[in-house]
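1. Whatever this is, show me its structure:
(one chain, ligands or ions: 2)
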Amino acid sequence: METGNCKEIAYMLGRINAVDEGAAASAQRHSDQLTKPPGSLGKLEAIAYQLAGIHGGLWPDLQRKAVVVMAADHGVCEEGISAFPQEVTSQMVLNFLSGGAAVNVLAKQAGADVFCVDIGVKSAIDHPDLLQHNIVRGTANMTKEAAMSLEQVLRAILAGVKVVDELAEQGYQLFATGEMGIGNTTASAALASVFTGLHPGLTVGRGTGIDDKGWLKKVEVVEKALALHSPDPKEPFLALAQVGGAEIAGLVGVIIGAAANGCPVVIDGYISSVAALAAVRISEHVQPYLIASHLSQEQGHAKVLEAMGLSPMIDLDMRLGEGTGAVLGFHFIDASLKLMQEMATFESAGISKE
Ligand SMILES: Cc1cc2ncn([C@H]3O[C@H](COP(=O)(O)O)[C@@H](O)[C@H]3O)c2cc1C
Ligand SMILES: O=C(O)c1cccnc1
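-> Numbers count the residues shown, from 1 in each chain. Ligands and ions are numbered 1, 2, ... in the order given. This is a model prediction of the structure:
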C-alpha cells in the first residue's frame with residue numbers, strides 16, 4: 001500500500017473529534033421544558049440532541065447544505081446484473097449537471113446544492129461544473145479480478161475527503177451522500193454480505209428493477225465474487241478494492257471528511273449505507289456523525305443500518321439513490337432544529353406540568 005495515502009487517511013481519521021455528550025444532555029434538558037410530553041416528538045428530538053452533541057452546544061446553524069453525488073462505472077455490468085445499460089451512468093451525470101434529475105428537484109426544494117463528482121466514470125466528461133476526481137475509468141469485473149487496486153481505493157477515499165474539506169471551507173455545514181453507477185447495487189450487496197456476514201440471498205435486491213430470473217443471476221454473481229476473493233470484514237480497504245466500487249469508496253471519504261470537519265452527514269439508501277458501514281468499520285468514530293434518512297426498498301438495507309445502530313427517519317418505498325432520500329431528510333433536520341428553537345416552554349406558556 002502506498003504509505004503517503006495511508007498516512008493521509010490516518011491523519012483524517014485523527015481529526016475526528018468525539019461528540020460533546022454534555023451538549024447533547026443539555027439539548028435534552030431544554031427539549032424536556034418545551035410544551036409537549038417528554039420524548040413525544042420522537043426522532044425529531046433524538047436528531048436535535050445528536051446535532052447539539054456534534055456542534056458542541058445549542059443549536060447549530062445548518063442552513064448551507066450540500067449533497068455530494070459520486071458517479072462511477074462497474075465492470076460487473078458485463079454479467080448482466082442491472083435492468084439498465086452502463087451508458088446510463090454518464091448520461092445521468094449530464095442530467096445532474098443540467099438540473100433534471102430527481103435529486104436536483106428535491107435538493108432545490110430543500111435549499112441544498114448538488115455537487116456531482118466523476119470518481120470512476122468510464123469515459124471522461126468535460127463539463128465546467130463536474131468535479132473531476134477520477135481514479136479509475138470503470139472498475140474491473142469483480143467475478144474475474146479485484147474491482148480496483150488498494151491504491152485506487154485510498155485515492156477515492158481521499159478525493160471524497162477533499163471534496164468535503166473544500167465545501168466545508170466554502171461554508172457548507174450539513175452534508176448528504178448521493179451516488180450514480182449502474183451496477184452499484186451488486187457491489188453494495190457484496191460489501192453488505194462481507195460486513196454483516198449475511199448470505200447474498202439476503203443482501204441482493206432488485207436494484208433498478210430486475211425480474212426474478214435476473215435476481216437469481218445477481219445472487220450467483222455476488223456469490224462468485226465472494227468465493228473468488230474471500231474478503232475479510234476486518235480489512236475494509238481491501239474489501240472495497242475486491243468487491244466495491246469507486247463511488248462507494250468516494251462516499252467513504254465524504255463521510256470521513258464530514259466527521260473530520262465536525263459536520264453531520266445524512267446517509268441516503270442502500271449504496272450510501274454500505275459506504276457508511278465501510279466507514280464505520282474503518283473508524284467507529286464516524287458513527288455519531290451519521291443520520292440515516294430513509295429505508296430503501298432494496299433488500300438488506302435494514303440490516304446494514306442495524307449493523308451501524310442507525311434507524312431511518314422515513315420509509316417512502318423509495319429505491320432510487322442519487323441522494324434523494326438523504327435530501328428529503330434535510331427537511332426533518334430543519335424541522336427538528338426549528339422546534340427546539342421556537343417552541344414555548346411550559347413556564348413561558350403558563351402550562352402546568354403536574
Ligand atoms: C435512469 C436512472 C437513474 C438513476 N438514478 C439512480 N439510479 C440508481 O440505480 C443504479 C443502481 O441500480 P443497478 O445496480 O440495478 O444498476 C445506481 O446508479 C443508482 O444510483 C438510477 C438508475 C437509472 C436507470
Ligand atoms: O437504495 C438505494 O440507494 C438504491 C436502490 C435501488 C437502486 N438504486 C439505489
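2. ok, and the closest non-adjacent residue to residue 345?
-> Leaving aside its chain neighbours, residue 345 sits nearest to residue 33 (4.4 Å; criterion: Cβ to Cβ, 6 or more residues apart in numbering). C-beta coordinates here come from the backbone N, C-alpha and C atoms, glycine included.
3. do the same with residue 302
-> Using Cβ to Cβ, 6+ apart and skipping residues adjacent in sequence, the residue nearest residue 302 is residue 295, 6.3 Å away.
4. Near ligand 2, which residues of this protein are found?
-> 185, 207, 208, 268, 269, 270, 271, 296, 298, 319, 320, 321 (Cβ under 6 Å from any ligand atom).
5. gap between the residue in the stretch 251-354 of the chain that ligand 1 sits nearest to and residue 327?
-> Closest approach between the stretch 251-354 of the chain and ligand 1, counting by Cβ to the nearest ligand atom: residue 321, at 3.0 Å. For residue 321, the distance to residue 327 equals 11 Å [Cβ to Cβ, to the nearest Å].
6. And residue 89, which helix or strand is it part of?
-> Following DSSP states H and E, one finds residue 89 within helix 88-97.
7. what about the residue nearest to residue 231 when sequence neighbours are not counted, how many neighbours?
-> Leaving aside its chain neighbours, residue 231 sits nearest to residue 239 (4.0 Å; criterion: Cβ to Cβ, 6+ apart). A count of neighbours around residue 239, defined by other Cβ atoms under 10 Å, yields 22.
8. Then residue 102?
-> If you count neighbours by other Cβ under 10 Å, residue 102 ends up with 16.
9. Which pLDDT value goes with it?
-> Here, the pLDDT recorded for residue 102 equals 99.
10. That one touches residue 325, doesn't it?
-> No. Using Cβ atoms under 8 Å as the test, residue 102 is too far from residue 325 to be in contact (10.2 Å).
11. what about the closest residue to residue 80 other than its chain neighbours, helix or strand, and which?
-> Leaving aside its sequence neighbours, residue 80 sits nearest to residue 217 (Cβ to Cβ, 6+ apart; 6.6 Å). Applying DSSP H and E as the criterion places residue 217 in helix 212-229.
12. before we move on, what about residue 71?
-> Per DSSP H and E: strand 65-72 holds residue 71.
13. Up against ligand 1, what does the stretch 101-250 of the chain have?
-> Residues of the stretch 101-250 of the chain lying near ligand 1 (Cβ under 6 Å from any ligand atom): 179, 180, 181, 182, 183, 184, 185, 186, 207, 208.
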